[in-house]
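In: Model the following, please.
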Amino acid sequence: MRTYGEESREFKFQIMELHYKDNVSVKMLSEKFGIHHNTIYGWRNEYEKYGEEAFVGSGRQRPADAELRKLKKENEYLRMQVELLKKVAAYQAKKESEKE
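Out: As a prediction, this is how the structure comes out:
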């Protein structure tokens, strides 16, 4: 087996193409490329789950995950603005009632 190495996204897609389109077994791929069969099974699981969005790499997010994170952050910001506006409105209402 090879020593630990970070394979490229394209390489992983090529392995999946050989596995699915050319019906090459995981065992054969493991022997041919010197990659542990558990690694290939992990790639296969990720490919089956995410398809073309698989293998995004360390520290990166899939587009759907990035969009969700952005929306959650925006939602939290808007909630804080609403709370601030409620406090300002209550303060102004209190000041108005004190004037009368």
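In: alpha carbons only for contacts and neighbour counts from here, please
Out: OK.
In: so for stretch 23-36, what's the average pLDDT?
Out: Here stretch 23-36 scores 93 as its mean pLDDT.
In: buried sites along that stretch?
Out: Neighbour-count burial for stretch 23-36 flags 26, 29-30, 35-36 (criterion: 16 or more other C-alpha atoms under 10 Å).
In: again, but for stretch 39-58
Out: For stretch 39-58, a neighbour-count test (16+ other C-alpha under 10 Å) marks 40, 43-44, 47, 54-55 as buried.
In: So for that stretch, mean pLDDT?
Out: What stretch 39-58 shows for mean pLDDT is 86.
In: Tell me which residues are up against it.
Out: Stretch 39-58 is contacted from outside by 9, 12, 16, 26, 30, 62, using C-alpha atoms under 8 Å, 6 or more residues apart in numbering.
In: any idea how far Leu85 is from the fifth one?
Out: For Ser30, the distance to Leu85 equals 61 Å [C-alpha to C-alpha, to the nearest Å].
In: Great, nothing more from me.
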